[in-house]
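Undergrad: Please find the sequence and the predicted model below.
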Amino acid sequence: MERYDVLIAGAGVTGGMIARELSRYNLSVCLLEKENDVACGATKANSGIIHGGHDPVPGTLKARLNAIGNPMLFEACRQLNVPHRRNESMVCAFGPDEEPAVDRLYQRGLENGIEGLEVITGDMARQLEPALSTQITKALLIKNSGIVCPYSLTIAAVGNAMDNGVTLKRNFEINKIEKTDGLFTVCSANGETVQGEYLINCAGCAADKIAAMAGDGFYTINPRAGEYMLMDKSEGGRVSRTIFQTPGKEGKGILVTPTVHGNLLTGPTAQAVDSGDSTFTSAQQLEKIQRLAAKSVPGVNFRQVITSFSGVRSSVDGGDFIIRMSDKVEKFAHVAAIDSPGLTCCVSIAVYVVDMLAQAGLKLTEKENWNGTREDPLAFSKMDMDQKNKVIAENPAYGKIVCRCETITEGEIMESLTRQPVALDLDGVKRRTRSGMGRCQGGFCSPYIMKLIAQHTGTDMTAVTKNGGSSYIAVHKL
Ligand SMILES: Cc1cc2nc3c(=O)[nH]c(=O)nc-3n(C[C@H](O)[C@H](O)[C@H](O)COP(=O)(O)OP(=O)(O)OC[C@H]3O[C@@H](n4cnc5c(N)ncnc54)[C@H](O)[C@@H]3O)c2cc1C
């Protein structure tokens with residue numbers, strides 16, 4: 001049976017970043033993920049905002065990890081070559097009733113030690129963002145906030161961890177945990193088993209179930225879905241900052257934001273759902289997004305929607321992150337209830353958790369040859385003509401455009417199939433290259449990409465899946 005120093009349950013941004021942080025040390029680490037790829041939980045469907053830190057309640061772990069995590073994440077994005085931008089954000093008040101909320105958030109931000117906050121008038125807000133509603137009377141400007149591509153971040157973090165020796169096991173749905181003689185024995189639904197001395201629970205919406213399996217299930221995750229509408233790049237320049245409304249009982253409310261890839265994103269809603277897998281969208285919630293987004297930015301053209309999607313928050317009563325060593329099960333770490341701003345905090349959480357493990361007895365000796373950087377994948381569309389000609393001369397696959405909407409070449413698709421963590425399905429290729437993320441949403445390029453996956457893996461196109469399991473796309477050959 002394979003045996004590791006540390007096992008991590010869940011390969012979202014939290015588990016992925018902890019794996020990267022642990023890869024600095026002379027340890028054997030294994031990341032266990034139930035899906036066919038990393039970043040398939042909340043990490044793939046969120047707003048992608050690097051929050052400034054003005055929002056969490058002062059004194060909470062969230063407030064502390066957000067304040068220190070913001071600059072840490074910007075730094076990690078640079079090291080890992082992940083698309084990100086410090087685009088600033090605004091929380092807007094619509095009239096005198098909402099204005100005190102702006103002042104409260106400003107004070108809260110000061111208490112949290114956040115710099116770069118400014119309360120501005122509605123006119124000043126419109127000078128910065130001409131598309132804003134004339135109904136906005138006051139706003140909090142947050143200069144240290146930004147945007148990031150959350151799945152690129154996680155793929156890069158896991159890839160970097162793997163380059164530094166971490167093992168990733170996918171399709172490993174943990175369904176049993178035993179502890180004997182100081183070792184965790186962790187079993188998967190399909191009969192695989194691994195052992196580890198430490199076990200870190202980063203299972204998102206399933207963290208309560210993993211904690212119960214380990215013998216310390218003292219909290220319940222209340223999954224809360226957030227639906228989004230993503231607009232074509234023709235709408236991407238409508239605002240350059242992320243535009244929030246004042247928070248209500250449903251959280252931070254509906255935002256309007258550019259994405260790092262040049263699209264415009266609106267959402268999220270907030271409604272209770274059964275589980276982390278409840279990622280459906282509904283006409284009712286999409287209508288609500290349109291109504292509330294138009295309140296902030298009236299000109300958004302919803303005829304340019306290219307897709308809608310939903311992500312599920314792993315919320316708990318009390319609202320703070322649960323990050324601590326178990327009181328009951330030695331060497332078991334809870335990293336649960338990582339809802340917003342969990343993406344912003346991924347690096348600060350990772351550092352916090354590794355420190356916590358060290359205090360619990362994990363021996364940390366630094367590797368001499370650890371490399372925390374990762375090369376940018378070759379992005380053909382960003383190259384100038386000389387660079388394009390050079391890479392095509394070296395590898396003609398870069399001369400063949402496969403995804404016309406996003407200008408993605410066969411060379412890039414092949415890179416996604418060969419670079420760790422390799423893509424195993426159509427969605428995996430999409431998240432790594434952006435093929436299928438454009439206006440036609442994969443209508444033209446999917447069959448050819450399926451053919452490339454089949455050729456590369458030595459299978460038939462009927463064996464290629466959308467996202468693992470039985471999500472087959474082609475039934476048989478006509
Ligand atoms: C709608 C929405 C908007 C958000 N917006 C922002 C934002 O703008 N900024 C921000 O900072 N944060 C935001 N967040 C929060 C952020 O997305 C999360 O904090 C972060 O993605 C949590 O990552 P995670 O790795 O803890 O969880 P997840 O990404 O959910 O990962 C958990 C992993 O565990 C795996 N797993 C589950 N059960 C098992 C099992 N039995 N065996 C093995 N693996 C298992 C899952 O498949 C999954 O991959 C938002 C969240 C949502 C839902």
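TA: Received the coordinates, thanks. Numbers count the residues shown, from 1 in each chain.
Undergrad: From here on, just use CA atoms for contacts and neighbour counts.
TA: Noted.
Undergrad: Mind jotting down where the strands sit in the stretch 201-350 of the chain?
TA: Remark: strands assigned in the stretch 201-350 of the chain by DSSP state E, counting those that start in this stretch are 222-231, 242-245, 255-258, 264-267, 271-272, 305-315, 322-325, 332-336.
Undergrad: Mean neighbour count and mean pLDDT added to those strands, as TSV?
TA: Shown next, in TSV, are these (neighbours: other Cα atoms under 10 Å; pLDDT from 0 to 100):
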stretch	mean neighbour count	mean pLDDT
strand 222-231	24	97
strand 242-245	24	98
strand 255-258	27	98
strand 264-267	26	98
strand 271-272	14	94
strand 305-315	23	97
strand 322-325	18	98
strand 332-336	25	98
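Undergrad: and of those, who's closest to Val429?
TA: Closest approach to Val429 among these (Cα to Cα): strand 305-315, 17.7 Å.
Undergrad: and the angle for that closest one with strand 332-336?
TA: For strand 305-315 against strand 332-336, the angle by axes from the mean of the first three to the mean of the last three Cα atoms, to 10 degrees is 130 degrees.
Undergrad: Touching strand 305-315 from outside, list them.
TA: For strand 305-315, contacts defined as Cα atoms under 8 Å, 6 or more residues apart in numbering pick out 41-42, 44-46, 204-205, 221-232, 275-281, 336-340, 438-441.
Undergrad: Could you look up the SS state of the nearest residue to Ala379 once chain neighbours are set aside?
TA: Spatially, and ignoring its direct neighbours in sequence, Ala379 is nearest to Glu412 (7.1 Å; Cα to Cα, 6 or more residues apart in numbering). Classification of Glu412 using DSSP: H, G, I helix; E, B strand; the rest coil returns helix.
Undergrad: Run a quick neighbour tally on Glu412.
TA: Look at Glu412: counted by other Cα atoms under 10 Å, it has 24 neighbours.
Undergrad: before we move on, what about the one 4 residues further on?
TA: Ser416 has 21 neighbouring residues, counting by other Cα under 10 Å.
Undergrad: For Cys77, see how far away it is.
TA: Relative to Cys77, Ser416 is positioned 19 Å away (Cα to Cα, to the nearest Å).
Undergrad: Also Val57?
TA: 26 Å.
Undergrad: Please work out the average pLDDT along stretch 96-115.
TA: Mean pLDDT, computed over stretch 96-115, is 97.
Undergrad: got it, and stretch 73-80?
TA: In this model, stretch 73-80 carries a mean pLDDT of 98.
Undergrad: That one: which residues count as buried?
TA: Within stretch 73-80, the residues scored as buried using 16 or more other Cα atoms under 10 Å are Leu73, Phe74, Ala76, Cys77, Gln79, Leu80.
Undergrad: what's the distance between Asp233 and Ile449?
TA: Wrong residue type there; residue 233 is Lys, not Asp. Per Cα to Cα, Lys233 is found 23 Å from Ile449.
Undergrad: How about Asn222?
TA: Separation of Asn222 from Ile449 (Cα to Cα) stands at 38 Å.
Undergrad: Understood, closing this out.
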